[in-house]
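Trainee: Just need the structure, nothing else, for what follows:
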Amino acid sequence: MKEAAGEANLTVIAIILIGVIAAVVTPLVNSYMTTTAKKGCCSNYGGVWESGKCKTVSASGAKTDVSDATYWDSAKKECK
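Mentor: Residues are numbered from 1 along each chain as shown. Prediction:
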């Protein structure tokens, strides 16, 4: 009987650990997915992704920031 109780306790601990890990990892994955989607939209817009921002490059090589609202629909989390 003690062995069965020990296995039940380990199962509960394993389920709790899986829940905790999922709760920590889910926001990270969502953040990475959003950033990757924004990079793709920036590239489709004709810009380059640098330092966490979309930038356009002029013929002279000067880089200027592009507003997120120009290429990214934050409500739908997709390209415009």
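Trainee: which of the residues in the strand ranked longest in the chain are buried?
Mentor: For the chain, the longest strand by residue count, based on DSSP state E, is strand 53-57. The neighbour-count check on strand 53-57 (16 or more other CB atoms under 10 Å) flags residue 54 as buried. Where C-beta positions appear, they are placed from N, C-alpha and C, glycine not excepted.
Trainee: who's in contact with the helix or strand that comes right after it?
Mentor: Note on strand 53-57: by DSSP states H and E, the next helix or strand toward the C-terminus is strand 63-65. For strand 63-65, the surrounding residues in contact (CB atoms under 8 Å, 6 or more residues apart in numbering) are 48, 50, 53, 54, 55, 56, 57, 58.
Trainee: Repeat that for stretch 36-56.
Mentor: 35, 57, 63-66, 68, 70-72, 77-80.
Trainee: Make TSV from those residues and add pLDDT and distance to residue 13 to it.
Mentor: TSV is the format used below for those (pLDDT from 0 to 100; distance: CB to CB, whole Å):
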residue	pLDDT	distance to residue 13
35	95	34
57	93	53
63	94	52
64	94	54
65	95	49
66	94	49
68	92	43
70	93	49
71	94	46
72	95	42
77	91	36
78	93	40
79	95	44
80	90	47
